[in-house]
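Engineer: sequence and predicted model, in that order:
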Amino acid sequence: MSRVVSTFFFLVLQTLTAYGQSDHYDNAGKIYTVVAVVCITLIGIGVILFYLEKRIKSLEEQIKNE
């Protein structure tokens, strides 16, 4: 799973870098804002998925023990 996540991050950053080379996003460092927002969003999604995985695992163990 970590390989999939790292590949996804690489593709997102590569795409944003390609867009950042154009004049449209180069004004006033907007590309850095876009990259920051995307990274924060992906990290947030990762944290939520990690929390849900732990929660589901604990519920599965409770069901097994009953």
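Structural biologist: Ah, there it is. These figures come from a predicted structure and were not determined experimentally.

Engineer: going by secondary structure, residue 50 is in what exactly?
Structural biologist: When elements are assigned from DSSP states H and E, residue 50 belongs to helix 30-65.

Engineer: so what does that helix touch, helix or strand wise?
Structural biologist: Applying 3 or more C-beta pairs under 8 Å, 6 or more residues apart in numbering; DSSP states H and E, one finds that helix 30-65 contacts helix 2-20. The C-beta positions use only the backbone N, C-alpha and C, and glycine is treated the same way.

Engineer: for the helix it packs on, what is the average pLDDT?
Structural biologist: Averaged over helix 2-20, pLDDT sits at 68.

Engineer: apart from its neighbours in sequence, what residue is nearest the most centrally placed residue in the chain?
Structural biologist: For the chain, the residue sitting closest to the mean C-alpha position, by C-alpha atoms, centre = their mean, is residue 42 at 2.0 Å. Using C-beta to C-beta, 6 or more residues apart in numbering and skipping the chain neighbours, the partner closest in space to residue 42 is residue 9 (6.8 Å).

Engineer: on that earlier part again, which parts of the helix holding residue 50 are buried?
Structural biologist: By 16 or more other C-beta atoms under 10 Å, the buried positions in helix 30-65 come out as 31, 35.

Engineer: average pLDDT for that helix, rounded please.
Structural biologist: The model assigns helix 30-65 a mean pLDDT of 88.

Engineer: distance between it and the chain's centre?
Structural biologist: Put simply, helix 30-65 sits 9 Å off its chain's centre (C-alpha atoms, centre = their mean, to the nearest Å).

Engineer: now swap in stretch 9-18 and tell me
Structural biologist: Centroid separation between stretch 9-18 and its chain, computed with C-alpha atoms, centre = their mean, is 12 Å.

Engineer: which outside residues touch that stretch?
Structural biologist: Outside stretch 9-18, the residues that touch it by C-beta atoms under 8 Å, 6 or more residues apart in numbering are 31, 34, 35, 38, 42.

Engineer: apply 10 Å and report the result again.
Structural biologist: Contacts with stretch 9-18, where a contact means C-beta atoms under 10 Å, 6 or more residues apart in numbering, come from 20, 25, 31, 32, 34, 35, 38, 39, 41, 42, 43, 46.
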